[in-house]
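1. missing the sequence, but the structure's below:
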Ligand SMILES: [Cu+2]
């Protein structure tokens with residue numbers, strides 16, 4: 001009886017390991033959303049992503065935004081511009097920072113106020129090397145960001 005029970009547990013643990021190995025295993029740290037003033041159409045979400053395996057962030061959705069995109073910032077001449085990218089590459093074991101002035105998640109067509117102190121649910125979908133998908137839910141706290149720091153006119157071009 002005892003032997004059977006131990007084997008049973010080992011088998012269960014093995015199955016769990018296999019199940020998680022098939023996932024991209026991405027972890028999200030320090031997620032936050034920049035507060036938006038009333039009438040503002042768009043804001044940014046930021047975080048640090050680390051994946052155990054090569055993976056890519058392929059989709060973001062949030063109930064507060066009609067549209068959510070992954071954006072990159074690029075220097076064109078002497079002007080910083082942002083544009084949507086289809087996927088954000090996450091090399092294995094390497095932290096990728098989404099921050100003001102760099103990669104960010106753009107939340108557009110805001111459906112409700114995004115006020116400091118609230119939190120915004122984000123659903124992130126990652127794709128692993130074999131095409132397998134992992135979905136993570138994040139509650140990102142909303143923080144006000146001083147005008148002097150970072151992005152300057154970010155958001156104005158939307
Ligand atoms: Cu943007």
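-> Received, thanks. Just so we're clear, the structure is a prediction, and the values are computed from it rather than from any experiment.

2. quick one: residue 26 and residue 135 touch, right?
-> No. No contact is recorded between residue 26 and residue 135 when judged using CB atoms under 8 Å, the distance being 10.0 Å. From N, CA and C alone the C-beta is placed, and that goes for glycine too.

3. intersection of neighbour lists for the two?
-> Common neighbours of residue 26 and residue 135 (criterion: CB atoms under 8 Å, 6 or more residues apart in numbering): 124, 126.

4. so between the two, which is more surrounded?
-> Each of residue 26 and residue 135 had its neighbours counted (other CB atoms under 10 Å), and the higher figure belongs to residue 26 (22 against 11).

5. got a list of what the residue nearest to the spatial centre of the chain touches?
-> Taking CA atoms, centre = their mean as the criterion, residue 124 is the residue nearest the geometric centre of the chain, at 5.5 Å. The neighbourhood of residue 124, defined by CB under 8 Å, 6+ apart, consists of 26, 28, 57, 59, 60, 135, 136, 137, 138.

6. contact residues of this protein facing the ion?
-> Contact residues, the chain versus the ion (CB under 5 Å from the ion): 71, 82, 106.

7. for this structure, which segments count as strands?
-> In chain order, the chain shows strands spanning 26-34, 43-51, 55-61, 65-76, 79-85, 88-90, 96-98, 104-110, 119-127, 133-143, with DSSP state E as the criterion.

8. make CSV from these and add mean pLDDT to it.
-> As requested, the strands of the chain are arranged in CSV below (pLDDT from 0 to 100):
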stretch, mean pLDDT
strand 26-34, 97
strand 43-51, 97
strand 55-61, 97
strand 65-76, 95
strand 79-85, 94
strand 88-90, 97
strand 96-98, 98
strand 104-110, 97
strand 119-127, 97
strand 133-143, 96
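
9. hmm, who's touching stretch 35-47?
-> By CB under 8 Å, 6+ apart, the surrounding residues in contact with stretch 35-47 are 28-34, 60, 62, 68, 71, 98-100, 104-110, 113-116, 120, 122, 138, 140, 142-145, 151, 154-155, 158.

10. can you do 7 Å?
-> Judged by CB atoms under 7 Å, 6 or more residues apart in numbering, the contacts made with stretch 35-47 from elsewhere in the structure are 28-34, 98-100, 104-110, 113-116, 120, 122, 140, 142-144, 154-155, 158.

11. kind regards, and thank you for your time.
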